[in-house]
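below is the sequence, then the predicted model.
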Amino acid sequence: MPGARIERVVTSGAFSLDGGTWNVDNNVWIVGDAREAVVIDAAHDADAIAAAVGDRRLVAIVCTHAHN
């Protein structure tokens, strides 16, 4: 993919598991070029992620592990 780039968006929110809740930061990765993008591990702040994707065509959202 000529002109491919990897971008990181940090989102924040609450994560709950087994009766506990913690405030966490998440690394959301966007891989693509000027026309298309794949989002990896989207969490907590859809508006921030959508802004980073911008006008590019979203090809896929990949989840490597669980998020609230």
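Good, I have the coordinates.

any low-confidence regions in the chain?
Along the chain, segments meeting pLDDT under 70 span 1, 67-68.

can you give me the strands for it?
Applying DSSP state E to the chain gives strands spanning 5-17, 20-32, 36-40, 57-62.

and those strands as a markdown table, adding mean neighbour count?
Glycine gets a C-beta too; all of them are placed from N, C-alpha and C. Formatted as a markdown table, the strands of the chain follow (neighbours: other CB atoms under 10 Å):
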| stretch | mean neighbour count |
| --- | --- |
| strand 5-17 | 12 |
| strand 20-32 | 14 |
| strand 36-40 | 18 |
| strand 57-62 | 12 |
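
out of these, which comes closest to Ala51?
Ala51 sits nearest to strand 5-17 of all those, at 8.5 Å, using CB to CB.

what comes into contact with the closest one?
With contact meaning CB atoms under 8 Å, 6 or more residues apart in numbering, strand 5-17 is reached by 21-33, 43-45, 48-49, 52, 67-68.

repeat the analysis, applying 6 Å as the threshold.
Residues outside strand 5-17 that contact it (CB atoms under 6 Å, 6 or more residues apart in numbering): 21-28, 30-31, 43-45, 48-49, 52, 68.

gap between that strand and the chain center?
Computed by CA atoms, centre = their mean, to the nearest Å, the chain-centroid distance of strand 5-17 equals 6 Å.
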